[in-house]
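Engineer: Structure of the sequence below:
(one chain, ligands or ions: 1)
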Amino acid sequence: MRIVVSGAAGFIGSHLCDRLLAEGHSVVGVDNLLTGSLRNISHLAGRADFRFVQEDVTKPLRLDGAFDAVLHAASPASPKDYLRHPLETLEVGSAGTRNMLEVARRWNARFLLTSTSECYGDPLIHPQRETYWGHVNPVGPRSCYDESKRYAEALTMAYHRTHGVRTAIARIFNTYGPRMQLDDGRVVPAFIDQALRGQPVTIFGDGSQTRSFCYVSDLVDGLYRLLWSEERYPVNLGNPVELTIREFAEHVCRFTGAECALEHRPLPEDDPKRRRPDITKARTLLGWEPRVSLEEGLRLTIEYFRSL
Ligand code: UDP
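Structural biologist: Model (predicted):
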């Protein structure tokens with residue numbers, strides 16, 4: 001099949017391209033390199049089944065040929081990146097999603113939106129199920145990301161209902177692995193970088209807030225299965241093992257072999273206090289669940305960051 005991937009030079013987008021190519025599909029990757037990096041796809045250069053187009057999907061798109069599937073993975077995704085680029089973040093969720101949906105409509109292609117657990121905001125229900133409508137501050141600093149993705153979900157459902165596009169929506173929880181940007185501010189690269197440099201590990205707040213971390217190959221497998229399913233409503237994809245940020249810091253220190261000092265910094269505004277996906281739906285519908293343990297995933301990720 002011929003598949004277009006927006007955000008192809010990003011962390012998840014580039015791993016998606018690898019998986020699609022490994023499955024024998026041909027891929028057109030689109031990225032404006034706002035937060036993505038050509039280094040993430042440099043290993044694909046010269047392949048006959050991969051083409052990279054440096055374009056901004058929020059502008060009218062010039063993509064030639066028919067497509068069987070459209071994967072919309074373009075967006076700044078780390079809090080540091082979307083706080084620095086709030087307007088671009090809103091634009092890629094709105095105009096960008098619409099343009100990608102139009103590509104899917106034009107070619108009668110399947111469409112997959114990579115949405116986010118941020119749709120649940122700072123959740124009042126725990127763990128989060130897809131039926132929960134969320135607790136989002138619509139005007140806070142994170143709203144440019146949260147509301148952009150919520151709008152993207154609404155637009156996707158509207159295209160399905162109005163035009164019959166075969167859409168799918170993945171709500172992605174915290175994901176980590178090689179090709180995350182070392183300086184994107186997210187907790188996984190930040191802690192590994194600090195531990196490897198022998199610097200204090202910066203814990204925001206008291207470190208009692210929780211997250212659950214999914215290794216990227218597991219996540220991509222879930223996305224791949226979801227793309228071919230007939231489910232139109234959102235599906236959570238993430239790892240259900242929940243840790244406090246303090247526990248996570250201790251794991252990173254142990255696995256890097258570093259003697260870590262912990263340094264507390266103020267908790268960012270609207271930082272969700274608890275987050276863990278209920279993945280019953282993905283298990284039942286897609287036969288999917290994460291396989292890579294935190295220990296194994298961190299070993300691979302630390303190896304990657306060490307090589308940088
Ligand atoms: N965090 C931290 N220290 C850091 C970076 C992040 O304690 O140097 C915390 C952050 O406050 C949040 C969690 O780690 O509670 C995950 O943050 P991240 O930016 O990775 O993603 P989020 O889940 O908030 O989108």
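
Engineer: Can you list the residue ranges for helices in the protein?
Structural biologist: Taking DSSP state H to define them, one finds helices in the chain at 11-22, 79-84, 86-91, 97-107, 143-163, 187-197, 216-227, 245-256, 280-286, 294-307.

Engineer: Would you mind reformatting those helices (as TSV) and adding columns for mean neighbour count while you're at it?
Structural biologist: C-beta here means a position set from N, CA and C on the backbone, and glycine is covered the same way. Listed next are these as TSV, based on neighbours: other Cβ atoms under 10 Å:
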stretch	mean neighbour count
helix 11-22	22
helix 79-84	18
helix 86-91	19
helix 97-107	21
helix 143-163	20
helix 187-197	20
helix 216-227	21
helix 245-256	19
helix 280-286	16
helix 294-307	16
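
Engineer: Pull the number of nearby residues for Arg232.
Structural biologist: Taking other Cβ atoms under 10 Å as the criterion, the count of residues near Arg232 is 15.

Engineer: measure it to the ligand for me?
Structural biologist: With the distance defined as Cβ to the nearest ligand atom, to the nearest Å, Arg232 ends up 26 Å from the ligand.

Engineer: How about the contacts made by that residue?
Structural biologist: Residues in contact with Arg232 (Cβ atoms under 8 Å, 6 or more residues apart in numbering) are Met157, His160, Thr167, Ala168, Ile169.

Engineer: Residues of the chain that sit close to the ligand?
Structural biologist: Applying Cβ under 6 Å from any ligand atom, one finds that the chain approaches the ligand through 78-79, 174, 185-187, 190, 202-204, 209, 211, 245, 267-268, 271.

Engineer: which one among the contacts of Arg232 gets closest to the ligand?
Structural biologist: Ile169 (18.3 Å; Cβ to the nearest ligand atom).

Engineer: what about the nearest residue to Arg225 once chain neighbours are set aside, distance to Glu231?
Structural biologist: The shortest distance from Arg225 to any non-neighbouring residue, by Cβ to Cβ, 6 or more residues apart in numbering, is to Leu286 (4.2 Å). Counting by Cβ to Cβ, to the nearest Å, the gap from Leu286 to Glu231 is 8 Å.

Engineer: ok, what's across the strand from Ile172?
Structural biologist: As for beta bridges, Ile172 partners with Thr116, Leu237 under DSSP bridges.
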